[in-house]
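K.L.:
what's the 3D shape of this:
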Amino acid sequence: MIHLNNGNKEILRIAVPSIVSNITVPLLGLVDVTIVGHLGAASYIGAIAVGGMLFNIIYWIFGFLRMGTSGMTSQAYGRRDSDEMARLLMRSTGAGLFIALCLLVLQYPIEKTAFTLIHTTPEVEQLASVYFRICIWGAPAVLGLYSFSGWFIGMQNSRFPMYIAITQNLVNIAASLVLVYFLHMKIEGVAMGTLIAQYAGLLMAGVLWMHRYGALRKRFEWNVFFDKQAMNRFFRVNRDIFLRTVCLVAVTVFFTSAGATQGEVILAVNTLLMQLFTLFSYIMDGFAYAGEALAGKYIGANDSRALHQTIRRLFGWGIGLSIAFTLLYGWGGPTFLSLLTDETSVILASESYFYWVLAIPLAGFSAFLLDGIFIGATATGLMLKAMFVASVSFFLVYYGFRDAMGNHALWMAFIIYLFLRGAVQAFLGRKI
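P.N.:
So this is what the prediction gives:
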């Protein structure tokens, strides 16, 4: 029987619900694809894929609302500063609402620009436009949920985001099925189901907040909401995370497009192998969230001893899970790929690239953990520098070895990028 001390229990108390929340995220898209997959036309699936990708990019860029809120709230929690806890939720939701309103006002040029850059058939574009024009109205709910989720994690409570994620999936399934199969709304029904689920999640976040933290309402003071020093810090932290996310998106999108230029088989191989990275990232992100919450709490409480103990424990979990995933992928990875596709050419082509996947866990775990620790410490400037160095290195390695190594150069660049994110952060953050 494994014995866990209080420090490890504290980590798992935040990490496990966060992992469950992460795993439910792709289910929203999977439900939509499954429903339209039975409507009788492949164009529906293509439209959901294009629309989903577009919203993933848009909302990914604004992920700083969750991360920045989490780090600053956890520090206020550690200081037991109830006034600042309340103000941070106000600032974050206010910023999210402003961004959402901008997206709604600019939805037409965003749509036109997106479909100018995304090349697809006229039928898929028409259906994806319908999906976009409905789902864009969910921007206030999505960005509001980013703020609430970051705030809850900063308050050492990852169970509420888990409850919200599960609720969203259940509402999405029920609403989409009713709208599509009973009201015959087709892709409009799928989009409306997603929209209803998003606002159901926001409503639940508000109800949970009132139930658990309603006493903080008396701490809402509009006269200090726009405190210059506090607002400068809020936007500096979020600016750094935003620029860091831009680098991350650039690498991710380029990885896909570079694979696409090498033909359909290589694109399929890279897409399938990246599913193994995604699975690993869901797990490590849960421990990164624990790093955000606990590092911020102990920094806010000025407890360096507990902070360093938590960092050591997080890295213990990271090393153990990395070894476990490496062994798991080495043993069952090819079988997992065969479950995703029965295309023999893709499975055979993936064999020569599979050893790169085995390098992902050990090369990348520290990047996830240190991201969380740096967010908790609000050392976002250092995190941005590390991401910039890693991203530049990714492109230099790829273009330096592309002619000699082909797709292997792309995977080598990605592994080096993951490793450097962690290594540079470890060097820059050695005094945290």
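K.L.:
in this structure residue 127 contacts residue 188, no?
P.N.:
No - counting by C-beta atoms under 8 Å, residue 127 does not reach residue 188; the two are 9.6 Å apart. C-beta: built from backbone N, CA, C; applies to glycine.
K.L.:
of those two, who's got more company?
P.N.:
Using other C-beta atoms under 10 Å as the criterion, residue 127 and residue 188 rank with residue 127 on top: 26 against 17.
K.L.:
check which helix or strand the more buried one maps to.
P.N.:
With elements taken from DSSP states H and E, the one containing residue 127 is helix 122-135.
K.L.:
now residue 169
P.N.:
Counting by DSSP H and E, residue 169 is part of helix 159-177.
K.L.:
so how far is that helix off the chain centroid?
P.N.:
Taking the mean of its C-alpha atoms, helix 159-177 sits 17 Å from the chain's own mean (C-alpha atoms, centre = their mean, to the nearest Å).
K.L.:
run through this protein and note the low-pLDDT ranges.
P.N.:
Within the chain, the ranges that satisfy pLDDT under 70 run 1-3, 28-30, 37-43, 222-227, 340-343, 431-432.
K.L.:
not counting its neighbours along the chain, what's nearest the residue nearest in space to the middle of it?
P.N.:
The C-alpha lying nearest the average C-alpha coordinate of the chain belongs to residue 60 (C-alpha atoms, centre = their mean; 6.7 Å). Of all residues beyond its chain neighbours, the one nearest residue 60 is residue 249 (6.0 Å), with distances taken as C-beta to C-beta, 6 or more residues apart in numbering.
K.L.:
that neighbour contacts residue 61, doesn't it?
P.N.:
Yes - when contacts are counted by C-beta under 8 Å, residue 249 is listed as touching residue 61 (6.5 Å).
K.L.:
export the helix holding residue 169 to CSV, keeping only CA atoms.
P.N.:
Only the C-alpha atoms of helix 159-177 are listed here, as CSV (Å, rounded to 0.1, in the frame of the first residue of the first chain):
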residue,chain,number,x,y,z
ARG,A,159,-13.2,20.4,-7.8
PHE,A,160,-15.5,23.2,-8.9
PRO,A,161,-13.9,23.4,-12.4
MET,A,162,-14.3,19.6,-12.6
TYR,A,163,-18.0,19.8,-11.7
ILE,A,164,-18.5,22.6,-14.3
ALA,A,165,-16.7,20.6,-17.0
ILE,A,166,-18.8,17.5,-16.4
THR,A,167,-22.0,19.6,-16.3
GLN,A,168,-21.1,21.2,-19.6
ASN,A,169,-20.6,17.8,-21.3
LEU,A,170,-23.9,16.5,-20.0
VAL,A,171,-25.8,19.6,-21.1
ASN,A,172,-24.1,19.6,-24.5
ILE,A,173,-25.1,16.0,-25.1
ALA,A,174,-28.7,16.5,-24.1
ALA,A,175,-29.2,19.8,-25.8
SER,A,176,-27.5,18.8,-29.1
LEU,A,177,-29.5,15.5,-29.3
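K.L.:
list the contacts of that helix.
P.N.:
With contact meaning C-beta atoms under 8 Å, 6 or more residues apart in numbering, helix 159-177 is reached by 17-18, 20-21, 24-25, 27-28, 31-32, 35, 145, 148-149, 152-153, 189-190, 192-194, 196-198, 200-201, 204-205, 208, 212.
K.L.:
tell me which helix or strand comes right after it.
P.N.:
Tracing the chain past helix 159-177, the next element assigned as helix or strand by DSSP H and E is helix 186-213.
K.L.:
now for the following helix or strand past that following helix, which elements pack on it?
P.N.:
Per DSSP H and E, the first helix or strand lying C-terminal to helix 186-213 is helix 228-260. Applying 3 or more C-beta pairs under 8 Å, 6 or more residues apart in numbering; DSSP states H and E, one finds that helix 228-260 contacts helix 42-61, helix 64-79, helix 82-105, helix 264-300, helix 380-405, helix 407-428.
K.L.:
burial of the closest residue to residue 260 other than its chain neighbours, as a residue count?
P.N.:
The shortest distance from residue 260 to any non-neighbouring residue, by C-beta to C-beta, 6+ apart, is to residue 267 (4.7 Å). Here the count is done by other C-beta under 10 Å, and residue 267 has 18 residues near it.
K.L.:
for the one 10 residues further on, same thing?
P.N.:
Other residues lying near residue 277 total 15 when counted by other C-beta under 10 Å.
K.L.:
next: the one 5 residues further on.
P.N.:
A total of 17 residues lie near residue 282 under the criterion other C-beta under 10 Å.
K.L.:
doesn't residue 20 make contact with it?
P.N.:
No - between residue 282 and residue 20 there is no contact under C-beta under 8 Å: 9.5 Å.
K.L.:
so which of the helices and strands packed on helix 228-260 is the most packed in?
P.N.:
Mean neighbour count (mean count of other C-beta atoms under 10 Å) peaks for helix 64-79 among the helices and strands packed on helix 228-260, with a mean of 27.
K.L.:
tell me what that helix is packed against?
P.N.:
Judged by 3+ C-beta pairs under 8 Å, 6+ apart, the packing partners of helix 64-79 are helix 82-105, helix 139-154, helix 228-260, helix 264-300, helix 354-376.
K.L.:
which ones are touching the nearest residue to residue 391 once chain neighbours are set aside?
P.N.:
Nearest non-adjacent residue to residue 391, counting by C-beta to C-beta, 6+ apart: residue 247, 4.3 Å away. Residue 247 makes contacts with 384, 387, 388, 390, 391, as judged by C-beta under 8 Å, 6+ apart.
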